[in-house]
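>>> what follows is a predicted protein model with its sequence.
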Amino acid sequence: MEQLNQENDKVKIALIQEMICSKPVRKISSKKKTALTPEVEQRIKEMVEIDEERNKKLGPNKQQLTAAHIFRKLKGEGFTVSESTIRAYYRKLKDKTKECFIKQHYEYGQVAQYDFHQVKVVIDEKLRIYHQATFSLPKSNIKLSMLFRNENMESFITSLVQAFMFCGGVVRKIVFDNMSTAVKRFCFKTGKEKEYTDDLIKVSNYYGFAIETCNPRRGNEKGHVETGGKEIRRNLFCLKYEFDSEEELFDYFEKELKKYNQPFLEEFKKEQEYFLPLLVHPYELGRLQHSKVNKLALISIDGNFYSVPDCYVEKKVLCNVYSNQLMVYDDKNNLIAQHAKKDGKGEYSINILHYIETLLKKPKALPNSYALKQAPEFLQSIFNQYFSTNPKEFLLFLKNIESFDELSKYGFKNAEIKEIINNDFGNGLSDIDKVSLNHLHLTSHLFGQEVVNE
């Protein structure tokens, strides 16, 4: 028995020695391995691109993307990857080699670049946003800009045609951003091109210039207009941003832009010699659209409503829609209405002269009508002070006026009308019977003559 125990001890000792001297065996962990898959990498890159795009639009801000936020976002989307892996990859993306840019050389008349920039100003104590269309010539360094209320197709085409007219010719190629007015559809399949909008193709074919667009998020590919448009916006509006009216804004913009381009005019004159010739007739800027007049003598254009003469109710009319106005024609191509184009949605532009015949049949509807509310302020003042009890006579007076512009030749001035009414009509002339309607446009200070008290 003792001998058996000794043998067992020897076996145990041998096993222990073998374990000590043999190569260690690592224990395989049951923990699931984290993986930075291509899908995870692509999703992180997408978030980083959004972060960089926000910084470009907002400038300095504290809404920065972090690795911790990326980790939480990926976890919520069902990805299995550790936060340390995310941090390492995010750091790698942020520390990537800075992009190298290639200096460009341009020839006269060969290339122009185009872009839109937003401009914020205060008009009549109200914040307004305008869209600055900039057409730049990298060779001569000229930058042509126009302000529009909207960045729509009408504004886009108008700015191009106006630029060609200013240049007195056409460049051979224009580089655009991937704006919706230029690019209809992206084709990501290999060998496919972007699909341009029909309107841009029509203008291109009409004037003979080639179209080129940048790669997505590569504003540097049209760097001249990118920096030039921002420079114009900054130089013209960093200190001067308040205006009494839109007309004052446009006048200021035009004058300051001339000063800005003054140093480059000599070089621009040289470039003009290399432009393609303009056609005799400029491209038609308007967008033709048929519309049916409703029971309120209104037509709907781009979500807004415009009046036409009440005799066209339930009839079809043809509209020519421009960037800032629209013209309405009947079936014989006679101009029947003209309006300044509205910017928003659900807005109304109503000319009281379009409703004279209907209002003469229903004069009591005049005081609370949209037609009167949207009439020029001086007409509302005249009605409220002298015709409020007799709206029919007011309508008879208006019936002899073909347009509000006709009133100006007699001396009507919006800014002076209140003072004239208060000073001249306020002295014992509270009743309209004291001044005959038939003599009003011949005898009052409104038309540069003395008031005749009959």
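Good, I have the coordinates. Worth saying up front: this structure is predicted, and the values here are computed from it rather than measured.

>>> and for Arg54, the neighbour number?
14 (other C-beta atoms under 10 Å). Quick note: C-beta positions are derived from backbone N, CA and C, even for glycine.

>>> that one should be in a strand, yeah?
No. If the criterion is DSSP: H, G, I helix; E, B strand; the rest coil, then Arg54 is helix and not within a strand.

>>> so how far is the host helix or strand of Ile356 from its chain's centroid?
Ile356 belongs to helix 356-361 when assigned by DSSP states H and E. Helix 356-361 has its C-alpha centroid displaced from the chain centroid by 39 Å (C-alpha atoms, centre = their mean, to the nearest Å).

>>> got the contact list for it?
297, 310-311, 365-366, 369, 371, 391-392, 395-396, 398-399 (C-beta atoms under 8 Å, 6 or more residues apart in numbering).

>>> apply 7 Å and report the result again.
Identification of contacts with helix 356-361 by C-beta atoms under 7 Å, 6 or more residues apart in numbering yields Asp310, Ala365, Leu366, Lys392, Leu395, Leu398, Lys399.

>>> what subset of the residues you listed is buried?
Among these, the ones that count as buried by 16 or more other C-beta atoms under 10 Å are Asp310, Leu366, Leu395, Leu398.

>>> could you list the low-confidence segments of the stretch 201-350 of the chain?
Scanning the stretch 201-350 of the chain for pLDDT under 70 picks out 215-223.

>>> that one: strands as residue ranges?
Listed in chain order, the strands of the stretch 201-350 of the chain (DSSP state E, counting those that start in this stretch) span 210-213, 242-243, 287-292, 298-301, 304-307, 316-321, 325-329, 335-340, 348-349.

>>> out of the ones you listed, nearest to Ala67?
Judged by C-beta to C-beta, the one of the strands of the stretch 201-350 of the chain that comes nearest to Ala67 is strand 210-213, at 34.3 Å.

>>> which intervals of the stretch 1-150 of the chain have sub-threshold pLDDT?
1-34, 96-103.

>>> what ranges do the strands span in it?
Using DSSP E, counting those that start in this stretch, strands in the stretch 1-150 of the chain cover 111-123, 126-137, 142-148.

>>> can I get those strands in JSON lines including distance to Glu246 and mean neighbour count?
Formatted as JSON lines, the strands of the stretch 1-150 of the chain follow (distance: least, C-beta to C-beta, whole Å; neighbours: other C-beta atoms under 10 Å):
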{"stretch": "strand 111-123", "distance to Glu246": "6", "mean neighbour count": "19"}
{"stretch": "strand 126-137", "distance to Glu246": "8", "mean neighbour count": "20"}
{"stretch": "strand 142-148", "distance to Glu246": "9", "mean neighbour count": "21"}
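
>>> of all these, which lies closest to Ser159?
For Ser159, the closest of the strands of the stretch 1-150 of the chain is strand 126-137, at 3.8 Å, according to C-beta to C-beta.

>>> residues in contact with the closest one: which ones?
112-121, 142-151, 155, 159, 163, 224-225, 228-229, 232-233, 271.

>>> in its sheet, what does that strand sit against?
strand 111-123 (antiparallel), strand 142-148 (antiparallel) (DSSP bridges).

>>> centre of the chain to the helix or strand following the shortest one, how far?
Scanning forward in sequence from strand 142-148, with DSSP H and E defining helices and strands, the next element found is helix 153-167. Shown here is helix 153-167, whose average C-alpha point lies 15 Å from the average C-alpha point of the whole chain (C-alpha atoms, centre = their mean).

>>> ok, back up a step: lowest-confidence one in the buried ones among the contacts of helix 356-361?
pLDDT across the buried ones among the contacts of helix 356-361 is at its lowest for Leu398, which sits at 78.

>>> ok, now which ones touch Ala371?
Ile350, Ile352, Tyr355.

>>> now it: which helix or strand?
helix 370-373.

>>> so which bits of that helix are buried?
Using 16+ other C-beta under 10 Å as the test for burial, helix 370-373 gives Tyr370, Ala371, Leu372.

>>> domain-wise, how is the protein divided?
Split into domains by automatic domain parsing, the chain comes to 38-94, 111-272, 286-349, 372-454.

>>> these into TSV, with extra columns for distance to His105?
Below are those laid out as TSV (distance: least, C-beta to C-beta, whole Å):
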stretch	distance to His105
domain 38-94	27
domain 111-272	9
domain 286-349	35
domain 372-454	52
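
>>> give me the pLDDT for the residue nearest the centre of the chain.
Nearest residue to the geometric centre of the chain (C-alpha atoms, centre = their mean): Glu151, 2.7 Å. Listed pLDDT for Glu151 reads 88.

>>> okay, and the beta partners of the residue nearest to it when sequence neighbours are not counted?
Distances taken as C-beta to C-beta, 6 or more residues apart in numbering put His131 closest to Glu151, at 4.2 Å, once the chain neighbours are dropped. Note on His131: beta-bridge partners by DSSP bridges are Gln118, Phe148.

>>> measure His131 to Asn152 for me?
9 Å (C-beta to C-beta, to the nearest Å).

>>> circling back: generate a PyMOL selection restricted to the buried subset of the contacts of Ala371.
Entered in PyMOL, the line below selects the buried ones among the contacts of Ala371, by 16+ other C-beta under 10 Å:
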select buried, resi 350+352+355
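
>>> burial check on Leu326, number of neighbours?
Neighbour tally, Leu326, other C-beta under 10 Å: 26.

>>> circling back: so which of the buried ones among the contacts of helix 356-361 would you say is closest to Cys214?
Distances from Cys214 to the buried ones among the contacts of helix 356-361, taken by C-beta to C-beta, are shortest for Asp310, at 50.5 Å.

>>> roughly how far does the closest one sit from His354?
When Asp310 is compared with His354 (using C-beta to C-beta), they lie 6 Å apart.

>>> residues shared between the contacts of those two?
Contacts common to Asp310 and His354, judged by C-beta under 7 Å, 6+ apart, are Ala297.
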